[in-house]
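Enquirer: could you work out the structure for the sequence below:
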Amino acid sequence: MSYLSNDEVNKLAAEFIRLRKLVAKRPEDWIIKKYKRFQNLCMYKLSYLVNSKIGKYRQFSNYIDLQQDGFEALMLALETFKPGKGDFTWWANKYISTRIYRAANAHSTIRYPLKKAKEMQPYKLGTMPVLVDTTENPCQNVEEAQTHSVIMEAINELPDMSRRIILMYHEFDGGKNNSVSKISKQLNISRNICVQILSEAKDTLKDKLDSYYQEIA
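Expert: Residues are numbered from 1 along each chain as shown. Down below sits the predicted model:
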């Protein structure tokens with residue numbers, strides 16, 4: 001399978017979008033069939049985007065499942081792609097990397113409650129990591145913890161007002177979720193300014209997460 005240039009990939013994605021919109025507007029049988037055929041063509045020609053991400057997981061027992069996850073992410077990327085956001089290759093890699101990483105991480109981490117871990121004798125697990133959970137009912141996986149750490153790091157880098165607003169709005173500080181109106185009153189600022197600061201803070205956090213997932217891809 002040969003790699004496509006960015007221009008070729010973008011043209012392929014643009015035609016997929018065109019057909020997708022045509023199906024939504026005119027759901028006729030021949031148009032749907034054409035759309036499905038082109039969908040399969042896209043998955044075939046862009047399969048290298050998935051294969052390039054799953055090679056390091058070949059020894060995993062759920063390798064086939066991870067591959068399927070990758071193709072589902074590729075399809076989701078095609079369905080949600082917005083040309084104005086950049087090249088499709090970048091867009092798809094973001095979806096594929098995140099999906100495969102989460103699935104692989106969930107598969108490769110063994111969880112033990114803290115009480116059970118204290119009773120275990122030390123032994124070697126090879127490359128299989130063990131996460132000792134300090135809660136009675138573990139529910140947060142490693143990827144979620146890493147993501148939370150990245151978010152909190154980004155929040156701490158925000159200007160003081162932005163940090164206060166985002167913490168109050170999304171209850172990162174352990175309090176209750178607050179409305180924009182309530183926050184603006186508490187901070188003695190207008191609602192419009194509060195909305196603007198909140199929006200800019202969200203964009204900053206999103207960019208930070210995007211950069212993080214690209215680094216781990």
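Enquirer: please make it C-alpha for all contacts and neighbour counts, starting now.
Expert: Will do.
Enquirer: give the contact list for Phe38.
Expert: Neighbouring residues of Phe38 by CA atoms under 8 Å, 6 or more residues apart in numbering: Phe16.
Enquirer: state the helix or strand in which it lies.
Expert: helix 29-45 (DSSP states H and E).
Enquirer: what's the answer for Asp69, then?
Expert: Going by DSSP H and E, Asp69 is in helix 63-80.
Enquirer: quick one, that helix and helix 29-45 angle?
Expert: On the basis of axes from the mean of the first three to the mean of the last three CA atoms, to 10 degrees, helix 63-80 is oriented at 130 degrees to helix 29-45.
Enquirer: alpha carbons of the helix or strand that comes right after helix 63-80, as PDB, please.
Expert: Following helix 63-80 in sequence order, the next helix or strand is helix 88-108 (DSSP H and E). The C-alpha coordinates for helix 88-108 follow below in PDB (Å, rounded to 0.1, in the frame of the first residue of the first chain):
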ATOM      1  CA  PHE A  88      -7.000  15.400   6.800                       C
ATOM      2  CA  THR A  89      -3.900  13.300   7.700                       C
ATOM      3  CA  TRP A  90      -3.400  15.400  10.800                       C
ATOM      4  CA  TRP A  91      -7.100  15.200  11.600                       C
ATOM      5  CA  ALA A  92      -7.200  11.400  11.200                       C
ATOM      6  CA  ASN A  93      -4.000  10.700  13.100                       C
ATOM      7  CA  LYS A  94      -5.500  12.600  16.100                       C
ATOM      8  CA  TYR A  95      -8.600  10.400  16.100                       C
ATOM      9  CA  ILE A  96      -6.700   7.100  15.400                       C
ATOM     10  CA  SER A  97      -3.900   7.700  17.900                       C
ATOM     11  CA  THR A  98      -6.300   8.600  20.700                       C
ATOM     12  CA  ARG A  99      -8.700   5.600  20.100                       C
ATOM     13  CA  ILE A 100      -5.900   3.000  19.800                       C
ATOM     14  CA  TYR A 101      -4.000   4.400  22.800                       C
ATOM     15  CA  ARG A 102      -7.000   4.300  25.000                       C
ATOM     16  CA  ALA A 103      -8.000   0.700  23.900                       C
ATOM     17  CA  ALA A 104      -4.400  -0.600  24.200                       C
ATOM     18  CA  ASN A 105      -3.900   1.100  27.600                       C
ATOM     19  CA  ALA A 106      -7.100  -0.400  29.000                       C
ATOM     20  CA  HIS A 107      -6.000  -3.800  27.700                       C
ATOM     21  CA  SER A 108      -2.400  -3.700  29.100                       C
END
